[in-house]
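Visitor: sequence and predicted model, in that order:
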Amino acid sequence: MISMSGKPLAAIVSAGLSKFGRREGLYGRELFLEAAGEAFDRCPNLDPRRDIKGVFVGHMGESYEHQGHTGPTISDWLGLTPTQGFRFESACASSSAALRCAVMAIASGLLDIVLVGGVEKMTHRTTPEVTEYLAMASDFPFEQWHGLTFPGLFALMATAHMHKYGTTEEQLAMVAVKNHKNASMNPKAQFQKVITLEDALKSRVIAWPLKLFDCSPITDGASCAILVKPELAKKFTDTPIYIIGSGGATDRLGVYARDDITSLLSAKVASQEAYKMAGVEPKDIDVAEVHDCFTIAEVILYEDLGFCPKGYGGKFIEEGQTHIGGKIPVNTSGGLKAKGHPVGATGVAQVYEIYLQLTGQAGPRQVSGAEIALTHNMGGSGASAFVHIYRRGD
Amino acid sequence: MISMSGKPLAAIVSAGLSKFGRREGLYGRELFLEAAGEAFDRCPNLDPRRDIKGVFVGHMGESYEHQGHTGPTISDWLGLTPTQGFRFESACASSSAALRCAVMAIASGLLDIVLVGGVEKMTHRTTPEVTEYLAMASDFPFEQWHGLTFPGLFALMATAHMHKYGTTEEQLAMVAVKNHKNASMNPKAQFQKVITLEDALKSRVIAWPLKLFDCSPITDGASCAILVKPELAKKFTDTPIYIIGSGGATDRLGVYARDDITSLLSAKVASQEAYKMAGVEPKDIDVAEVHDCFTIAEVILYEDLGFCPKGYGGKFIEEGQTHIGGKIPVNTSGGLKAKGHPVGATGVAQVYEIYLQLTGQAGPRQVSGAEIALTHNMGGSGASAFVHIYRRGD
Amino acid sequence: MSQQEALTPPPTVESFYKFVAEGKLMAVKCKKCGKIIAPPRPVCDGCLSRDLEWVQLKGEGELVTFTIIHVPPVQFASMAPYTVAVVKMDEGPKLPGIVKGVTQPDQLKIGMRMKVVFEPAPQQQTWPQWPRYYFEPA
Amino acid sequence: MSQQEALTPPPTVESFYKFVAEGKLMAVKCKKCGKIIAPPRPVCDGCLSRDLEWVQLKGEGELVTFTIIHVPPVQFASMAPYTVAVVKMDEGPKLPGIVKGVTQPDQLKIGMRMKVVFEPAPQQQTWPQWPRYYFEPA
Ligand SMILES: [Zn+2]
Ligand SMILES: [Zn+2]
């Protein structure tokens, strides 16, 4: 293992997650309370009204519920008025943007205990409506206007990656098979069934070369974590986890405008910042949650996060290196692909899985002896990304 | 004057503002560059690519331009990729939420120089469309669903305030007259003409008892400021201004749910936090920009920010206390009412006016000898608010 | 917050409007501190308890404040001008709602008695498919 | 960034599409570093200069990547399946666009030559009223 050189920026003392899936008749504010309730129940020493100094919420789209102003909405429904509340939007990375700002709030000394989370209620809308709302994260005058959807944008990357590196549709399908298998061990996941390679390969085309099983689903859900300054951690739990690295970066908004369409610059830059701050290297990561909105994204991220050499991502999944028991288990929760992807909630949902893994509560999908973990969460087609690195605190 | 007890949290070394108004054919990303260009031109020692570590942007609504993911959008158009970029949404207080998080980022030591700003492009949409997009900041299932608009929500406060304290329609109109007069001295303001009390009182009813001239207009615009850690300030300017107090708070999302409909709890709580941090009292404030989205809001804010006793706000404007030359000049820029209200840009546009006032660049509307200033920016009907206090740095 | 007893239907916005469709104005009551809460929510905003039960409001109360909307949102265009009031129900909660038959300020007076009336839900294809309750002077 | 010389029309998205309506694919060229930029923007993304001039692109280039959209957004429903490509124009900039007449992957090959074609703007009541340019194999 590595030397513990990363100074803790903040401690996570509790976390909660709503059930993911189609949550009929529950709106964002109510889903958020389900996640927060779990986090509060896990942390009996926390008195929310006395202790929580701010509410940092990721929420991608006000169109879903015709409801923005999510900071005060969630603060109100939590019963914490007049605590300060913030909404962060960085497309599908919204709650990781919230996390990064919460880390800075803790590190600044201005707020010592904050609640960070994310929420999205999506399934009450039609698929065309959701497709439209999601597309707002891409470049309107050039991508949306020329008929590109989110599957289409990642398909542009897949076509280029296959051409340049020989990545295959089978290799992409293997990502889906792995993540569905992991989700089958996660009772909060949207999908609970394993799938075969054939299921994935035979599914209908969404945006060639990507098929239905290359795509993450439409999901309702919420996520929550309690962040405190490191010195306060043991007041709330015997098993805190520490955030020891935090990085953020952008890329050109339009996929078309990027120098290398087979790579995700924001993931490279954000992870380099986080690795450096944490004093760790990719080989030190015991378990990672990365942004598999589409299977090609997970393959490219193996490369750009430094888990394998550039161009080797397809082979890396084929060799089983990212399965539980492999060199570096990725998306033990089932990932966006199979756990589900309530966009605003996804970043802190990744944190929830890491919280379970590093505190030994991940049940049948536990990575034994996990000490160092990473989350990578991207917005849109990668125009924003946030990487965080965690260390088990005991 | 007061003792300089407030420790600087961050320094503002430059600021920029686009012309406010109907800006035909310019979208948010382009308007933002107009504001940023001014800030860069004012600060020749700043090398944006080398120096700027993060872009913090307030933006209320993705519906206007079918464009969210504003952090990377603005970072890209600024030419600063892969700098990290964040979008903050707290309705009409979005860029003050950005400011508060930028202050925390600076204070944390993680980022030493950041660009903070806000933007909204609104006038290419119809008035009913804008009314709908703005309404998303209020409670959908109870306020929007029962026909309440933003003028309507503030009208509920006005009716109650008039009933309880005897505030008159004439007093509300006086706020509009003052702010139009100030705007007539601000070349960037949307409205350049003075109005009479009669003009205001005879304007058509929007939401009784509020009339057209009680309401802020639909505006395109962008705002920008450069924040650095205090120790770096003199590297960039001889006349920095320091942020010495920062407060944020929420209120119940729904106006209907509040204990006292004649008061803005979030303004009270946020200002108390900011005053305490700054070590100043309301009487120490030399000039203030406050959130006059509707005339009644400015009157209530005189009271809740502590400029005058509760219930005395109507009399306070009637006495001319908030005119330039009065006890505490408020909204010397023209305010939201007459400078214009491009919602996401408004908070940092207030900062721009304070930057001009505290560096002696406010021209005919200069408050002579101004040393301590305050901004108050609220989201929606006051469910969120941020208050910042500034000190001249020379 | 204490551990939640499963309440059926759940204390949500959607349940509230399903009750409105049945002509009932329903609130939740906190079993711990006794506060009566409408709109319903899963956590008591008085004491943060999640131990709640449904109670029906009588539908009468007092006028707190009001406005008359002359420039409406698109969906309300055919109704303008119309009045929206906040009414403090006798059981405690305050609720907003459209006041039937009132278009002039002198038809209302702060503090006057108000009562709830129900109308069938408007026919809508899209989300949400909620009915409305209305107020009138009692 | 250097001080901006007023460029007419301004180097904006709106100006770009007004030129498309005239059958022209226009970029801006940085007078300082020479970079040719499309879509146009007010600041050079090479050197941050604001000293720019308009230049017309020949409309020819090379296929970088593509996809075939089978599940379209609402507004494109009648066209599906349709192909969207990224083309690197000979002058340097890369642009996305719909490829006319291509619905099968074997009709295209990465690296092949492509050219721009123009069609009249669709009739729209609402914002934006932009035309589109399209690509076809050259
Ligand atoms: Zn209670
Ligand atoms: Zn250049």
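Guide: That came through fine. Numbering: from 1, shown residues only, chains lettered A, B, ... in the order given. Ligands and ions are numbered 1, 2, ... in the order given.

Visitor: so which elements touch the longest strand along chain C?
Guide: If you go by DSSP state E, chain C has its longest strand at strand C:60-69. Judged by 3 or more C-beta pairs under 8 Å, 6 or more residues apart in numbering or on different chains; DSSP states H and E, strand C:60-69 is in contact with helix B:150-165, strand B:205-208, strand C:82-89, strand C:113-118. (Glycine included, C-beta is placed from N, CA and C.)

Visitor: the closest residue to residue A:370 other than its chain neighbours and residue B:288, how far apart?
Guide: Spatially, and ignoring its direct neighbours in sequence, residue A:370 is nearest to residue A:286 (4.2 Å; C-beta to C-beta, 6 or more residues apart in numbering or on different chains). For residue A:286, the distance to residue B:288 equals 53 Å [C-beta to C-beta, to the nearest Å].

Visitor: those two - which one has more neighbours?
Guide: Each of residue A:286 and residue B:288 has its neighbours counted (other C-beta atoms under 10 Å in any protein chain shown); residue B:288 has more, 28 against 19.

Visitor: hey, where'd the helices end up in chain C?
Guide: Here chain C has its helices, by DSSP state H, at C:13-21.

Visitor: chain A too?
Guide: Using DSSP H, helices in chain A cover A:28-41, A:48-51, A:70-77, A:94-108, A:127-135, A:150-165, A:169-183, A:197-202, A:233-236, A:265-278, A:295-304, A:313-318, A:335-339, A:346-358.

Visitor: ok now the longest strand of chain C, how far from the chain's centre?
Guide: Chain-centre distance of strand C:60-69: 12 Å, with C-alpha atoms, centre = their mean, to the nearest Å.

Visitor: list the buried ones in it?
Guide: With burial defined by 16 or more other C-beta atoms under 10 Å in any protein chain shown, the residues of strand C:60-69 counted as buried are C:61-69.

Visitor: same deal with stretch A:188-204?
Guide: A:188-191, A:195, A:199-201, A:203.

Visitor: between those residues, which sits nearest ligand 1?
Guide: Distance to ligand 1 across the buried residues of stretch A:188-204 (C-beta to the ion) is lowest for residue A:188, with 28.1 Å.

Visitor: tell me how far residue A:269 lies from residue A:275.
Guide: Applying C-beta to C-beta to residue A:269 and residue A:275 gives a distance of 11 Å.

Visitor: which neighbours do these two have in common?
Guide: Common neighbours of residue A:269 and residue A:275, using C-beta atoms under 8 Å, 6 or more residues apart in numbering or on different chains, are residue A:247.

Visitor: ok, residue A:344 touching residue A:56?
Guide: No - using C-beta atoms under 8 Å, residue A:344 makes no contact with residue A:56, being 11.9 Å away.

Visitor: where do the contact lists of the two overlap?
Guide: Common neighbours of residue A:344 and residue A:56 (C-beta under 8 Å, 6+ apart) do not exist.

Visitor: of those two, which one has the most company?
Guide: residue A:344 (36 against 30).

Visitor: show me the beta-bridge partners of the closest residue to residue A:291 other than its chain neighbours.
Guide: In space, and not counting its chain neighbours, residue A:291 is closest to residue A:378: 4.5 Å by C-beta to C-beta, 6+ apart. Following DSSP bridges, residue A:378 is listed with bridge partners residue A:385.

Visitor: correct me, but residue A:378 touches residue A:385?
Guide: Yes - the pair residue A:378 / residue A:385 is scored as a contact, 4.3 Å apart, by C-beta under 8 Å.

Visitor: from residue D:91, how far off is the residue in chain A positioned nearest to ligand 2?
Guide: Residue of chain A nearest ligand 2, by C-beta to the ion: residue A:257 (15.5 Å). Distance of residue A:257 to residue D:91, computed by C-beta to C-beta: 15 Å.

Visitor: those two: which is more packed in?
Guide: Per other C-beta under 10 Å, whichever of residue A:257 and residue D:91 has more neighbours is residue A:257, with 24 against 18.

Visitor: show the contacting residues for the residue lying closest to that one once chain neighbours are set aside.
Guide: Closest residue to residue A:257 apart from its sequence neighbours, by C-beta to C-beta, 6+ apart: residue D:94 at 6.3 Å. Shown in contact with residue D:94 (C-beta under 8 Å, 6+ apart): A:256-257, D:64, D:86-88.
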